[in-house]
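A.B. asks: With the input below, show me the fold.
(one chain, ligands or ions: 1)
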Amino acid sequence: MEENIKSSKLVLHTCCAVCGAHLCELLKNDFSEILIYFYNPNVHPKEEYEKRKEAGKKLAEIYSLEFVEGEYDDKNWFELVRGLENEPEGGARCPICFEMRLKKTVQLAKERGFTHFATTLAASPYKSEKIVDELAGKIAREFGLEYLSTAAIGALDKKEIWQKTRELAKKFNFYHQNYCGCLFSQRKSI
Ligand code: SF4
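C.D. replies: Reported below is the predicted structural model:
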């Protein structure tokens, strides 16, 4: 990573600690400050949200990073995806879900004077890196921030990411969810 980035500050939007640990490993020496932002009002039910949040807090503790929880505004989330309840995971509902979370991440980054942001969303083997990167790039341009894709961070290959994330999850004994997060993805996983 370039020398001038090392004095910069990055917000890492984290949807799960499992993928977050791998990105933290890659990023930890490259920024003067990293903040873990847990903003995931898509996660349903609230008990599941709490489990993922606790795992996110544990991740922040392990890497000595600040942890910030966003608002659990699930009503807004349901409103945004209304009419798309029957879409499959990876369908038309997901970009809306990504955009909501990425926009809030960038707003927090701006408020706090951070210069860069990244997200675990693109690290997941179940999500389209291309869609996440395009949306994040668009939002970054709108708000005048730098977006670091997982490829730019050094996580190039989904298979390798998957292997590394599993190793770290085991090492740190992180909670590992078995569905993407929303009510509709939960139904499909039952
Ligand atoms: S399947 Fe996952 S990414 Fe898609 S809308 Fe549900 S929680 Fe969001």
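A.B. asks: Distance check, Leu168 against Asn86.
C.D. replies: 35 Å (Cβ to Cβ, to the nearest Å). Glycine gets a C-beta too; all of them are placed from N, C-alpha and C.
A.B. asks: cool, and Asn178?
C.D. replies: 21 Å.
A.B. asks: same question, Glu47
C.D. replies: Glu47 is 24 Å from Asn86, where distance means Cβ to Cβ.
A.B. asks: again with Lys28
C.D. replies: Taking Cβ to Cβ, one finds Lys28 at 41 Å from Asn86.
A.B. asks: and if you look at Asp157?
C.D. replies: Distance from Asp157 to Asn86, by Cβ to Cβ: 33 Å.
A.B. asks: Show me which residues of the lengthiest helix in the chain are buried.
C.D. replies: Taking DSSP state H as the criterion, the chain has its longest helix at helix 93-111. Burial within helix 93-111, assessed by neighbour count using 16 or more other Cβ atoms under 10 Å, is assigned to 93-94, 96-106, 108-109.
A.B. asks: One more: stretch 157-172?
C.D. replies: 158, 161-162, 164-165, 168-169.
A.B. asks: Among those, which ones lie close to the ligand?
C.D. replies: By Cβ under 6 Å from any ligand atom, no member of these lies near the ligand.
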